[in-house]
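>>> okay, predicted coordinates and the sequence, questions at the end:
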Amino acid sequence: MENRISSQQVAFLTFLLLLGSAFVFVPESSAGRNAWVSSILSALIGFFALAIILRLQLMFPGVSIFKIAELSLGLVPGKILNSIYLFIVWVVALLYLADIISLLRQLFPLLPAYSLRVIIILTAAYCLYKGVTSIAYLAELVIGFIIFFLVIGFLAPLSLADFSNLQPVLSEWYAMAGAVLYGAAWPYLEITVFALLLPMVNDLEKGYPKIVTWFMIAAVVLILRTVLVLAVLGPELTLAYAFPFYKVFRLVEVQNFQRIELFFFAMWFTTSFIAGLVYYLGVLLGLKELFGLKNYRSLILPVGLFILTMSIYTLRSDLYFVRVVSTNAPFITLPVNLLYPTIVFLAAVISYNKIKDKLPPPSNTAEQSMQLQE
Amino acid sequence: MSLILVSFILMYILREGKDLIRNRSWQEGLVGLALIAVSMVYGIDFILEGNALPHLGTLLEELQPLADRFQDFF
């Protein structure tokens, strides 16, 4: 099980994670016709989080954020903060699983949700057994196909778009500001999970601009998605539908062909699955760091079972998931995803020299792996 | 649910049990067993329809007044 990845691969994973399951929803839809402005503001908050985790990793190459937190804040406060963050990573993993299931049940309403959950978790466990490098290769493999369908997906419904639905621009400031909470929490701030993966990157110092670039591409895609959905459905219907982008594709007709949204199902499923997979990996890496384990391989099945049982126990109906869980989750995920890296970063900046002294040289995984090869 | 629990535990023992014992990875084994134990407790409660244990939904339900006030304000 190899555990080294390149910046390019992380950049692709960033793109896929951001599209994730949020692509078919419009989390900022409560802002009405200005949801696209909320998307832009949410992207800026996400960019702040990305900048923090990249800066932190460039300051301490190859050292995990959990270790930095413990060294800068002290062992006990660091462990407490790390545990809270790990809890949030686990919550988001549960939410991703539920998103995939609710999307699948739109297409296969008669399939039992339990079986779907087991299939998804076992598939993810198989990918994790193959190692982080294989997951990164998977991202490289699917990126071309995702971009191809994205281009077609944006062009196909253009004939239905009525851009007057977006006017007047910048009205309803209050709703717009409130919607930023939902947009920032999901998907932009979920980028913080990469703080756990970045220590595995070989060439972060040279390659981090690629990660930033693909983050920006994903943000542009999500903003265009919001514009297109609003233009086709209008603000009221965008808010009313659970999967507004899916509805847009259902409306598209090419000559006598209908139901062309099924062509795009593979794209949605792939991005959602990879986002869930990254969070599953995040839980494993977090547990490994928190308990100081040698590797996470032996935890893949227990964590899968834990996610599975808690998902079945907690999310007993789609209505409960939509009305309670996904509506209220941003109130715990957003503050933690925003504050955790910020607190660790500030503490690390203040006690930079102290941490450097405590770290054994060389701390870079790339350097260590090169030494091993030699 | 019982089928899920039994099959995952069997898969864990068959796939990891030997390696954990051979490498004396007690800490990894302990964390894995703790996760399985918690999963079993929740799984059995689900089978018995007890619904007595705290879960993520309980925490999020507590946040409902905050969410309502937030939505009213914005």
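Perfect, thanks for sending it.

>>> quick check: the residue of chain B nearest chain A.
When you check chain B against chain A by CB to the nearest CB, the closest residue turns out to be B:F74, at 2.5 Å. (Glycine included, C-beta is placed from N, CA and C.)

>>> what sits against that residue?
Listed by CB atoms under 8 Å, 6 or more residues apart in numbering or on different chains, the contact set of B:F74 reads A:S30, A:Y174, A:A175, A:A177, A:G178, A:A179.

>>> could you find the closest non-adjacent residue to it?
A:G178 (2.5 Å; CB to CB, 6 or more residues apart in numbering or on different chains).

>>> number of nearby residues for the one you found?
If you count neighbours by other CB atoms under 10 Å in any protein chain shown, A:G178 ends up with 19.

>>> which stretches of chain B form helices?
With DSSP state H, the ranges of helices along chain B come out as B:2-12, B:18-22, B:26-47, B:56-62, B:64-73.

>>> does the longest one come close to chain A?
Put plainly, it is helix B:26-47. Yes: contact of helix B:26-47 with chain A is found when judged by CB under 8 Å from any CB of the partner chain, involving B:27-29, B:31-33, B:35-36, B:38-39, B:42-43, B:45-46.

>>> for chain B, what's its nearest residue on the stretch 101-250 of chain A.
The stretch 101-250 of chain A approaches chain B most closely through A:G178 (2.5 Å), counting by CB to the nearest CB.

>>> can you confirm that residue is in a helix?
Yes: if the criterion is DSSP: H, G, I helix; E, B strand; the rest coil, then A:G178 is within a helix.

>>> nearest to A:A231, out of the helices of chain B?
Shortest distance between A:A231 and those, using CB to CB, is found for helix B:64-73: 25.2 Å.

>>> what is the burial count for A:G234?
Residues contacting A:G234 under the criterion other CB under 10 Å number 17.

>>> I figured it hits A:F163, correct?
No: in terms of CB atoms under 8 Å, A:G234 does not count as a neighbour of A:F163; the distance is 11.1 Å.

>>> who touches the residue of the stretch 101-250 of chain A closest to chain B in this structure?
The contact partners of A:G178, taken as CB under 8 Å, 6+ apart, are A:S30, A:A31, B:F70, B:Q71, B:F73, B:F74.

>>> hmm, which helix or strand of chain A has the shakiest average pLDDT?
helix A:365-373 (a mean of 44; mean pLDDT, DSSP states H and E).

>>> what of chain B?
Lowest by mean pLDDT, DSSP H and E among the helices and strands of chain B is helix B:64-73, with a mean of 86.

>>> so which bits of it are buried?
Within helix B:64-73, the residues scored as buried using 16 or more other CB atoms under 10 Å in any protein chain shown are B:A67, B:F70.

>>> determine how far it lies from the middle of the whole chain.
Taking the mean of its C-alpha atoms, helix B:64-73 sits 30 Å from the chain's own mean (CA atoms, centre = their mean, to the nearest Å).

>>> may I have that helix as CSV, with CA atoms only?
Backbone C-alpha positions of helix B:64-73 (Å, rounded to 0.1, in the frame of the first residue of the first chain) are rendered in CSV as follows:
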residue,chain,number,x,y,z
GLN,B,64,-33.2,23.2,15.4
PRO,B,65,-34.1,26.4,17.3
LEU,B,66,-30.9,28.0,16.2
ALA,B,67,-31.5,27.0,12.6
ASP,B,68,-35.1,28.3,12.8
ARG,B,69,-33.9,31.7,14.2
PHE,B,70,-31.2,31.8,11.5
GLN,B,71,-33.7,31.2,8.7
ASP,B,72,-36.2,33.8,10.2
PHE,B,73,-33.4,36.4,10.4
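
>>> for that helix, which helices and strands make contact with it?
Here helix B:64-73 touches helix A:173-185, helix A:326-328, helix A:330-350, going by 3 or more CB pairs under 8 Å, 6 or more residues apart in numbering or on different chains; DSSP states H and E.

>>> contacts for that helix next, please.
Contact partners of helix B:64-73, identified using CB under 8 Å, 6+ apart, comprise A:S30, A:Y174, A:G178, A:L181, A:V324, A:T327, A:N328, A:F331.
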